[in-house]
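> predicted structure and sequence below. I'll ask about it afterward.
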Amino acid sequence: MSGMLAGLKVEMRFLHKVQADKIYQLESQNTELNQQYQEQAAKLAEQAAKLAEQAAELLTIKSRANTTENHVNALTREGKVKRVAFSASLFASGSATLGPFNTETNLIFREVVTNVGNAYNPNTGFFTAPVRGTYHFEFYIGGHGHPSHASAAALFKNGDQVVMAWGHQTSGYASPANGVALLLEVGDVVFLRQPRNTRIYDNQNHLNTFSGNLLFIM
């Protein structure tokens with residue numbers, strides 16, 4: 001009986017030692033795995049930080065590129081639109097007297113002398129602002145004297161009258177003129193309109209002209 005107990009004790013010691021060895025191995029493996037996990041996590045965190053830094057750098061570069069592109073586009077646009085000037089006379093050929101009319105009548109200056117920037121339309125008589133800026137306009141109107149009818153024209157911005165040139169004499173030749181500087185938004189329209197009960201005369205000498213140019217961009 002004592003021999004059997006001694007044998008069991010030896011066997012139990014052996015099993016305990018085996019179990020302890022396995023536990024040690026497991027703990028060693030666990031420690032190694034934890035270390036590997038921490039190292040991998042540190043590498044991933046470092047890579048994530050680098051990616052975030054690169055993303056921020058890319059955003060900065062993109063922002064600078066967009067700013068540069070916008071600046072270039074603005075300079076290009078400014079370079080194109082800052083050269084705006086036109087001058088046109090009323091008749092392309094022949095001679096005639098316009099009016100008197102019972103209503104206000106838009107004047108169409110069909111003979112284009114200069115149209116840099118193509119902002120003036122000789123088919124409608126409208127000047128359309130291509131860019132926000134300050135523009136200068138002037139116009140010269142003429143007509144033979146008459147006891148009842150003056151020679152005149154008014155400059156309109158969109159639908160509002162701004163200035164008028166008016167000359168009335170009973171004989172000879174009246175030649176009123178006027179000019180104005182206007183702040184225009186993109187798409188604003190400027191044109192001339194003949195007042196009711198007035199007369200305008202033009203011939204091959206181009207006595208009536210409408211001119212304008214961009215002074216500077218706002």
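The structure has been received and is ready for your questions. Residues are numbered from 1 along each chain as shown.

> buried set for stretch 27-42?
By neighbour count on 16 or more other CB atoms under 10 Å, the buried set for stretch 27-42 is empty. For every residue, glycine as well, the C-beta is placed using N, CA and C.

> chain center to it, what's the gap?
Using CA atoms, centre = their mean, to the nearest Å, the mean C-alpha position of stretch 27-42 is found 59 Å from that of the whole chain.

> same check on stretch 82-91?
With CA atoms, centre = their mean, you get 24 Å for stretch 82-91.

> quick one: the helices in the chain, in order.
2-81 (DSSP state H).

> which segments of it make up each domain?
1-81, 83-217 (automatic domain parsing).

> could you tell me the least trusted of those domains?
Lowest mean pLDDT within these: domain 1-81, at a mean of 70.

> quick revisit: winner for burial among the domains of the chain?
Across those, averaging neighbours per residue (mean count of other CB atoms under 10 Å) puts domain 83-217 on top, at a mean of 17.

> okay, how far is it across that one, tip to tip?
10 Å (CA to CA, to the nearest Å).

> for the residue nearest to Phe137 when sequence neighbours are not counted, list each beta-bridge partner.
Distances taken as CB to CB, 6 or more residues apart in numbering put Gly212 closest to Phe137, at 4.1 Å, once the chain neighbours are dropped. Using DSSP bridges, the bridge partners assigned to Gly212 are Phe86, Phe137.

> check the gap between Gly212 and Phe156 for me.
As judged by CB to CB, to the nearest Å, Gly212 and Phe156 stand 13 Å apart.

> now list whatever residues contact both of those two.
Val190 (CB atoms under 8 Å, 6 or more residues apart in numbering).

> spit out the contact partners of Ile141.
Contacts of Ile141 (CB under 8 Å, 6+ apart): Ser151, Ala152, Ala153, Ala165, Gly167, Ser175, Pro176, Ala177, Ile200, Asn208.

> beta partners for the nearest residue to it once chain neighbours are set aside?
Spatially, and ignoring its direct neighbours in sequence, Ile141 is nearest to Ala153 (4.5 Å; CB to CB, 6+ apart). Using DSSP bridges, the beta-bridge partners of Ala153 come out as Ala165.
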